[in-house]
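> Everything below, folded, please.
(chains A and B)
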2 protein chains.
Amino acid sequence: MWKHVLIGALCGAVLLTAGILLGHYGIQGGAAAPAWVEDVGRDVDEGLIKEFLSQVDNVQIQEFLRELSKAPHMATTPGDEKTAQYVLQRWQDAEEGLDKAWREEYKVYLSFPDPENPNKVTVVNASDAVLYAVREKEKSYTPDQDHPEVVQPYAAYSPPGHAKGKLVYANLGKPSDYLLLNKTLDLRGTIAITRYGGAGRAPKAINAAPYGVVGVLVYTDPGDINDGLMSDVNETYPYSWYLPPSGVERGSFKTHFGDPLTPYLAAKEDTYRIPPANITGVPPIPTQPIGFEDAYALICELGGDAAPTDWQGGFNCTYNFGGPGFKPGSQFDNSDVKLDIYNQGELRNSANVMGVIRGSVEPDRYVIYGNHRDSWVHGAIDPSSGTSVMLEITRVLGRMLKQGKWRPRRSIIFGSWGAEEFGLIGSAEYTEQYYARLSERTVAYINVDISVFANATLRASGMPSVQNVIFTAAKQVDAPGRGSTSVYQNWIRYTNRTSPAHGIIPSVGYLSGAGSDYAAFVHYLGIASMDLSYTYDRTKTRARIYPAYHTAYDTFDYASRFIDPGFVSHQAVARTAGNVLLRLADSLVLPLNCSDYAESLESYLSEALDLFQLILTNQKISMEPLKKAVAKFRSAATALDQLIQSLDRANETPLKVRRINDQLMLLDRAFLDPLAFPDKYGYRHVIWASSSTVLPTFPGLSDAVLKANSSTLPGDWEQAHKQLSILSQAIEGAAHTLGDVV
Amino acid sequence: MWKHVLIGALCGAVLLTAGILLGHYGIQGGAAAPAWVEDVGRDVDEGLIKEFLSQVDNVQIQEFLRELSKAPHMATTPGDEKTAQYVLQRWQDAEEGLDKAWREEYKVYLSFPDPENPNKVTVVNASDAVLYAVREKEKSYTPDQDHPEVVQPYAAYSPPGHAKGKLVYANLGKPSDYLLLNKTLDLRGTIAITRYGGAGRAPKAINAAPYGVVGVLVYTDPGDINDGLMSDVNETYPYSWYLPPSGVERGSFKTHFGDPLTPYLAAKEDTYRIPPANITGVPPIPTQPIGFEDAYALICELGGDAAPTDWQGGFNCTYNFGGPGFKPGSQFDNSDVKLDIYNQGELRNSANVMGVIRGSVEPDRYVIYGNHRDSWVHGAIDPSSGTSVMLEITRVLGRMLKQGKWRPRRSIIFGSWGAEEFGLIGSAEYTEQYYARLSERTVAYINVDISVFANATLRASGMPSVQNVIFTAAKQVDAPGRGSTSVYQNWIRYTNRTSPAHGIIPSVGYLSGAGSDYAAFVHYLGIASMDLSYTYDRTKTRARIYPAYHTAYDTFDYASRFIDPGFVSHQAVARTAGNVLLRLADSLVLPLNCSDYAESLESYLSEALDLFQLILTNQKISMEPLKKAVAKFRSAATALDQLIQSLDRANETPLKVRRINDQLMLLDRAFLDPLAFPDKYGYRHVIWASSSTVLPTFPGLSDAVLKANSSTLPGDWEQAHKQLSILSQAIEGAAHTLGDVV
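Modelled structure (predicted):
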């Protein structure tokens, strides 16, 4: 019997083995799947996102900010070098660092005042005696203002020179302001004083020069920044967030982004440089910013007619045009204002600090997250609030990485840009140096510059395609100080719009200007980009920006007492931006929504038709190609969305997913036309380029039509027609990339 | 006992089943591989290539050519329409067609003579009596020349007008020719007669106008085209391939490629068009081509000094400069030459015919194969020899496709371009309309225009990266009439060079000009491109091109009797080009070689250093960035090649292969700089752009250095430095894309 049992057992073993082999190798389609099959199909891990959100720590952010803002760190100064070393050290940390981190150096042309020879603004009488001298330094309230590295307020890239003339008040320094002023006064030989706001910095001087104005002053009006408050006895910092009377906004008075001497070329040692005299988009005449304490002393003494109501500011006097010059009976009667500017251009080495986490499945796809590192003075808010958020995100991700808990599907690149304050220089040089590889591989760019302007609500701007991933992320983050309300729910209360597709949703702005380091990514590279921050409750302040902006009062003390006590808004931004980053890096199908892009194009089209169709038809220019192009885009977007919806994600071939992701990633690239705007340096994106108007429609078309409509040159209508063709072809080209691939 | 057997069998069945289940599901890593795993890893099928080669049929090619060349098919004429329909019908054939085929229409600006008012060239005396009239039509030798659609010889885009003046002989019409001539003669008010060759067509007139020349004649010298033979009694066609005395080369006298009214825009109905008067790069003065029979009558009567030796041509008389005008004693003494040109520009609808085979694994990757369809007259060689080859390739591939034997990994796009003869118009408009999608997805472009110039050997031009796949293909094809010698072995005997990496190999030329429809793909889109044909034994003829080029003698009779009897050279080109096409479409790893690109860059660098380093150093311009960039490129190329060599192709993840393929595909894109050559329309590729010299080095750098070196303007050295920086940055950018992805 044991023999039977033995034979049975043996037969059984043989049959079992045969079965195993048969099952393993013999079943059709049952060949063993290679190990990578599971990897390539993996989607974003919601558990990991929860873990990330829970680990983002407000106290860590506070301590990063304390470290980063302990000294002034203007670009290329010793303070800047220390922050560069600090960021590099954090990113190279063995337990909380990235895969690798390094510096990228550029030799860039910056502009500084002369510490030995400070810029002076004075009122002088006919015999050149000084009747009044503008402060050369902001008043100290905390030891921060006494730091030896605090730079004198100045207008970077203003030429040096000595200008003297009668003072006039030119409102915001817009073209229309000088036009109006010139109707009343002979502006030749005058000095114009202008308020910050309304126009860019450099245009205040560029617009003035053609009228013969010889110098420009700029100041921050308490009506624009302080909700009218002016006294440093108890109203302004250190008693509140408002700007003290001597506070001066510094800034770059340069229009174009990037190093001014190396247009479209990375500023390396031996790179060709244009002569500094050929730099365009900078003040042609000496220009200097001053505080409102001094502006008050000058403006309230001005003679001439009263300026129009909308030129009046927050001072308790009438703003007159100027006689030109001061009014009869004034202590300054018959006196001139004199500018002695000693700014000098210098070639300096500026560093970006770069860090990378290598992607596991698609290392050749990049999500880039960046912020600048350089400030004007201590820069606690601008930019270190953003740098602190970035360091907290990299700390949490770095820890998960080093612990082996996570590696993103795609590569993540972090950029701590240099010399942003001088005109987005570090980020622009980076995009010039790595143009091809960034253009081919970058999925999205996330910019968090000033992370907290104020602690009321999230603010977001970006391409329409990134709206949805921001919403998804914001829904998962608690709004600070709002109980269980999410950042999304809080946001929609402050600012919203009705979308045809989604109903009421938070308003996401467009990145049409060059306000921060996203500019080169949007306009030069055509990469889906966004800019995130926490911002104001507009029912509580009409300040143009947080009042200490670009002054010596933008300190850790200011940030922690008045902007974000407890750093919980910083934390909310870090959580939201980090969540967006993780979703872009880890999602199987990229969370970029092309139908939302179609909605924006349709809205722009509708505005363009309302505004221009009649005028263009009168010129025998048809808008049909534009209508057809937008319709084609919509239909291609709908089809691609349906394809994405219908994907069997778990079993889809990785090359099909990659194809769809490439279509989404490259969408904005199709809108680039390097020859579309020969007069707008760096602007190539035909949908989001800067415009001379604020009309919510296509910038090139609207600028050209409005120009032609106010011109008598027939060639201007040709330019309008050309812009229409460029635009229609770009949108149709984008539709071609979204549609079926053959 | 049966009970034991039964129990044993049952147990055995259970164990077997358990084993099968265990084997199928239970073994770690043994999950069933999805069906697509095998597909994505499949490489090119050598058996299928053999089948393709064996099916390419010379008689089929002959019959395609007979059909295509049976009538004149100048762009947009009824004959062109018939060929468009024919190609479309072939590509839509149910048994031998492609997946789909369609027409793409453009409204383009062409230039035609007036059939009611033919252009005239005459010799007139002082009282305007006609002493001699140039033929208006080529002499008939076969019925083909009598076809009513044979267009009068003319210079397309020459302006209409009446020019009269003393004749001068201006050699090839180069700048140096007019410079020399102007030292001897006052050229104001003269008519210049020039030989074809040496310079482009339009430049012969563009170079003349600044000297006051009022009209230009162009003719084909028998010394340049007929190896000196001139008689139509027994020497020229129909007795040989040589050009009959009355034969005239027609051509486009337009420098820039694409529709002249819509630069950078696809020429659709409502597209913005520049005014025709603003077209640049065309003759500013009336211009007309004539045959050498007439040129002989004019040139041999010219007065003045004898022209230099290298200006002398094939006529049995001395070529004099002209008095200006004819020599004393001549029947034409004191007479003028008069041009009455009636050419008119017209907007015409021109069609590309497009066909597609959808890729199975990577449909979003394109291999494009194209040739133009339009001719000047019957165009048997130019372009129908190429179109016949294309139709034979699509016939064989279409059959394999429809039989279910094959579907390519990548998509294949075939383009039968319209209006090439007027300046590569159809292909250029196509690249403008589909810029984004072509730029993102095109792996390579294969151009076969004139497929057989002569029957001696293969000729190939292309980016260095395509050299290797052409070699591989050419080794598998028998050279016609050479026994078992391969096309490759035959080729290397005719033209070869020594490569540092490969030893002696056939010479592959560069695509630096705009000679055929590859121009927009190379220069505007930066796509790896090649141009293939069979060509001359240069020991047997020094003809500038096959003699019937652009004349009424380029007929089926001419092709089948003198160019390729038996159509075996056509067959060899079809096999070689089709083999290249299959390899590009089906290979797992793209057969594009980046190390061969490095070799070319090193050769260009070495030439640039020899020529320019000393001069540039004297100007304090360092060539180090260029050296470093080329070294970086080489090292990145070597590393990528090693990575490719080390791939475990059968088991590699498809996203890694895709990544490498993207690096190879996009290599040339990195060399594009749309602002590098503001004066060269359409040229953006900094390595292969056209140059004003024939130096084997970087075109932008060499043009700029040579200009600065012969100039006294300091700004010219700045331009040279700028070109050096543009070039270095582009090469370094390309190296960044080849290197490790993060």
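
> What residue in the stretch 451-600 of chain A comes nearest to chain B?
When scored by CB to the nearest CB, the stretch 451-600 of chain A has residue A:526 as its residue closest to chain B, at 9.7 Å. Where you see a C-beta, it was placed from the backbone N, CA and C, and this is true even at glycine.

> Burial check on the residue lying closest to residue A:77 once chain neighbours are set aside, number of neighbours?
Here the nearest residue to residue A:77 in space, its sequence neighbours aside, is residue A:149; by CB to CB, 6 or more residues apart in numbering or on different chains that works out to 6.1 Å. Other residues within reach of residue A:149 by the criterion other CB atoms under 10 Å in any protein chain shown amount to 15.

> any idea how far residue A:149 lies from chain B?
Distance check for residue A:149 against chain B: by CB to the nearest CB, to the nearest Å, it reads 34 Å.

> what does residue A:112 give?
Residue A:112 sits 26 Å away from chain B when distances are taken as CB to the nearest CB.

> Let me see the contact set for that residue.
A:151, A:154, A:156, A:343-344, A:346 (CB atoms under 8 Å, 6 or more residues apart in numbering or on different chains).

> Considering these, which is situated nearest to residue B:547?
Lowest distance from residue B:547 to the contacts of residue A:112 (CB to CB) belongs to residue A:346, with 66.5 Å.

> Just to check, the closest one is in contact with residue A:109?
Yes. Contact between residue A:346 and residue A:109 holds when scored by CB atoms under 8 Å: they sit 7.3 Å apart.

> who has more neighbours, these two?
residue A:109 (23 against 11).

> what's the average pLDDT for the helix or strand that contains residue A:366?
Residue A:366 is part of strand A:362-372, with elements assigned from DSSP states H and E. Strand A:362-372 shows a mean pLDDT of 98 in the predicted model.

> how about low-confidence regions in chain A?
A:1-30 (pLDDT under 70).

> Give the full set of residues in contact with residue A:587.
Listed by CB under 8 Å, 6+ apart, the contact partners of residue A:587 are A:43-44, A:409.

> swap the cut-off to 7 Å and go again
Remark: with contacts taken as CB atoms under 7 Å, 6 or more residues apart in numbering or on different chains, residue A:587 is in contact with A:43-44.

> Please apply the same query to the one 4 residues further on.
Contacts here follow CB under 7 Å, 6+ apart; on that basis residue A:591 touches A:468-469, A:472, A:583-584.

> Out of the residues you listed, which comes closest to residue A:533?
Where these are concerned, and distances follow CB to CB, residue A:533 has its nearest neighbour in residue A:469, at 16.6 Å.

> How many neighbouring residues does the closest one have?
Counted with other CB under 10 Å, the neighbours of residue A:469 add up to 24.

> mind checking the SS state of residue A:562?
Classification of residue A:562 into helix, strand or coil gives helix, according to DSSP: H, G, I helix; E, B strand; the rest coil.

> contact partners of the next helix or strand along the chain from the strand holding residue A:366?
Past strand A:362-372, further along toward the C-terminus, the next helix or strand under DSSP H and E is helix A:384-402. When contacts are defined by CB under 7 Å, 6+ apart, helix A:384-402 is touched by residues A:52, A:55-57, A:60-61, A:64-65, A:68-69, A:87, A:90-91, A:93, A:95-98, A:355, A:357, A:369, A:371, A:373, A:375, A:406-407, A:414, A:416, A:448-452, A:559, A:570, A:573-574, A:577-578, A:581.
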